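A.B. asks: Let me see the structure of the following:
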Amino acid sequence: MSIKETIGKKIREEREKKGFSREQLCGGEEELTVRQLVRIELGQSLPSIVKLEYIAKVLDTDLSVLLAGENITIPDEYFTMKYQLFKFPTYGDKERLAQKAQMIEDIYEKYFDCLPEEELYTLELSDNTLDYISTGKTAAAEDIFEDFFKQLFLKKKYTFNDLLLVSYYAVQCQNKGYEEEVLKSLEATVLKQDVSGDEYYNIELLGTLTAIAGVYLDHAEYSQLKILADRMHDIIAETQQHSAKPIALIYDAKYYLYAENNVEKAKECYDLATLLAQNFGDNILEANLRDERKADHI
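C.D. replies: Numbers count the residues shown, from 1 in each chain. Got it, this is the predicted structure:
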């Protein structure tokens, strides 16, 4: 019996022994959905320690009981590869998108069997987002990840994967019509998220704000950009993620140019963004900045 099957079987035994239905254990489904619990109990997915702790708390039992003598450990090499994956910006470049997709494939090949559900979900979200950016054909985020998407509107504090899902949804809204009420609800929650001691989280928090801003940019709703760009600058200053500053400055430039008709201010933003891109030695980013500036005729 695999570790997934052993833990899943033990969780089901403890739940039934305590007289809980799956619906009762999951409650409002903010932390765990019934569908997720079914997959865990059937041994189809390995729960994360966070989900195990939640289940143990609801069942009023020790975490060690649910682990049934098993030890959930993730190889350090996996986190090295994950760090490279999320620290590697693509800026829409086809070659970089292909390289990032290959990174995900390599991780799947090496670590699929030992990763808990949360990590596999991270990879699936990342893979689907990259695929959509590359082909524009991936199914809607709210359909593929229906349970998780519904949870977004129940939470005040987003996890890393929650941010990834919002990013995926926003990316799909960029080149098509979108439900303003849905996006605004998600945006409001994202704007309230604090920076974390987890660098992955902070990287994705910036990425999510960027993705939402991209929706307003593509739909020429320039007045909506300011609050997002301001929050990006705050996070960059707090987390020292200076490599993200040129992107925030692009949104500043678009806001000043189209919402306030302030050409000089927009030029200042582009000048600083270009200088930073040159200092970072990122040719793709610098080329994108030139293209954006040319399109804006400044």
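
A.B. asks: mind listing what residue 46 touches?
C.D. replies: 3-4, 7, 40, 72, 115-117 (C-beta atoms under 8 Å, 6 or more residues apart in numbering). Quick note: C-beta positions are derived from backbone N, CA and C, even for glycine.

A.B. asks: Which members of the residues you listed are classed as buried?
C.D. replies: Among these, the ones that count as buried by 16 or more other C-beta atoms under 10 Å are 3-4, 7, 40, 115-117.

A.B. asks: low-scoring stretches of this protein, by residue?
C.D. replies: Of all residues in the chain, none has pLDDT under 70.

A.B. asks: per-domain residue ranges of it.
C.D. replies: Following the assignment in automatic domain parsing, the chain carries domains at 3-67, 241-298.

A.B. asks: The first one spans what distance, first to last residue?
C.D. replies: With C-alpha to C-alpha, to the nearest Å as the measure, the first residue of domain 3-67 is 9 Å from its last.

A.B. asks: got it, and the last one?
C.D. replies: Between the opening and closing residues of domain 241-298 lies a distance of 27 Å (C-alpha to C-alpha).

A.B. asks: Equivalent analysis for stretch 238-252, please.
C.D. replies: 19 Å.

A.B. asks: centre of the chain versus it, how much separation?
C.D. replies: 18 Å (C-alpha atoms, centre = their mean, to the nearest Å).

A.B. asks: Dump the contacts of residue 46 to TSV, plus distance to residue 281 and secondary structure.
C.D. replies: Listed next are the contacts of residue 46 as TSV, based on distance: C-beta to C-beta, whole Å; DSSP: H, G, I helix; E, B strand; the rest coil:
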residue	distance to residue 281	secondary structure
3	44	helix
4	44	helix
7	46	helix
40	45	helix
72	40	coil
115	34	coil
116	37	coil
117	38	helix
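
A.B. asks: tell me which of the residues you listed is nearest to residue 20?
C.D. replies: Nearest to residue 20 among the contacts of residue 46 is residue 40, at 13.9 Å by C-beta to C-beta.

A.B. asks: pretty sure that closest one is in contact with residue 11, am I right?
C.D. replies: Yes: in this structure, residue 40 is within contact of residue 11 by C-beta atoms under 8 Å, at 6.2 Å.

A.B. asks: do you know how far residue 145 is from residue 47?
C.D. replies: Counting by C-beta to C-beta, to the nearest Å, the gap between residue 145 and residue 47 amounts to 17 Å.

A.B. asks: Select, out of the domains of the chain, the one closest to residue 125.
C.D. replies: domain 3-67 (14.6 Å).

A.B. asks: What is the burial count for residue 2?
C.D. replies: Using other C-beta atoms under 10 Å, the number of residues around residue 2 comes to 11.

A.B. asks: cool, and residue 139?
C.D. replies: By other C-beta under 10 Å, the residues close to residue 139 number 11.

A.B. asks: next one: phi and psi at it?
C.D. replies: phi -60, psi 160 (degrees, to the nearest 10).
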